[in-house]
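*Asks:* give me a model of this one.
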Amino acid sequence: MRYFDYSFLEHGMLPAGLVSLVGAISALREREGALKATYPDVFTRLESIAKVQSVKGSNEIEGIVTSERRINEIVNQNSAPLNHTEAEIAGYRDALALIHADHAALDVRARDILRLHGIMLSYSPNGGGSFKDSDNVIMEIDASGARRVRFTPTPAADTADTMEQLILAYMDGATVPPSIVCS
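*Replies:* Residues are numbered from 1 along each chain as shown. Next comes the predicted model:
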């Protein structure tokens with residue numbers, strides 16, 4: 001089992017670059033409100049582009065890809081998924097939409113994490129919403145077709161306990177600003 005300890009964050013042991021970046025993000029968030037009120041159409045369009053890019057990028061990490069046209073159609077809900085790959089993209093889109101629409105009601109707890117997992121896999125035959133029951137690896141395939149293990153996730157037998165440790169470590173870090181913990 002893995003244990004997570006973020007107590008070092010309470011003692012100010014953060015890289016200067018991270019502190020600078022978090023400060024810049026905070027300053028931009030303050031400016032965003034005024035600009036959003038002045039240019040609502042621009043922000044709506046930027047949000048649409050950001051959602052497409054987020055869904056595309058996050059799925060590409062897992063090796064889930066489709067054409068630019070199809071990803072736009074799926075993310076903008078102009079088309080239903082046609083295959084397994086597109087079903088995963090649509091599920092990610094729906095989970096991301098919930099996060100955007102109702103993030104204040106979501107918490108770092110097993111129930112909400114599993115709820116998001118269920119939404120992400122809602123178009124898949126086996127569904128989701130529970131911890132995995134078999135081991136897996138994250139593979140990548142290079143241009144020549146050679147495969148290699150990119151990442152070996154926590155074994156299935158340890159997943160529930162590892163998630164509990166991660167959630168408890170996050171809760172224990174409540175004295176650290178969320179913008180630092182979530183970075």
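*Asks:* contacts only, for G145.
*Replies:* Neighbour list for G145: empty [criterion: C-beta atoms under 8 Å, 6 or more residues apart in numbering]. Heads up, the C-betas are built off the backbone N, CA and C, glycines and all.
*Asks:* and what of the one 4 residues further on?
*Replies:* V149 is in contact with 137-139, counting by C-beta under 8 Å, 6+ apart.
*Asks:* over to Y123?
*Replies:* The contact partners of Y123, by C-beta under 8 Å, 6+ apart, come to 81, 87-88, 90-91.
*Asks:* who wins on neighbours among those residues?
*Replies:* In terms of neighbours by other C-beta atoms under 10 Å, the contacts of Y123 top out with G91 at 24 neighbours.
*Asks:* and the pLDDT at that one?
*Replies:* Looking at G91, its pLDDT reads 93.
*Asks:* again with L98
*Replies:* 94.
*Asks:* do the same with the one 3 residues further on
*Replies:* Among the per-residue scores, A101 holds a pLDDT of 90.
*Asks:* same deal with G173?
*Replies:* What the model reports for G173 is a pLDDT of 69.
*Asks:* again, but for L35
*Replies:* For L35, the predicted pLDDT is 91.
*Asks:* any idea how far it lies from H103?
*Replies:* Distance of L35 to H103, given as C-beta to C-beta, to the nearest Å: 20 Å.
*Asks:* more neighbours: the two, which one.
*Replies:* A count of neighbours by other C-beta under 10 Å puts L35 above the other of L35 and H103, at 12 against 9.
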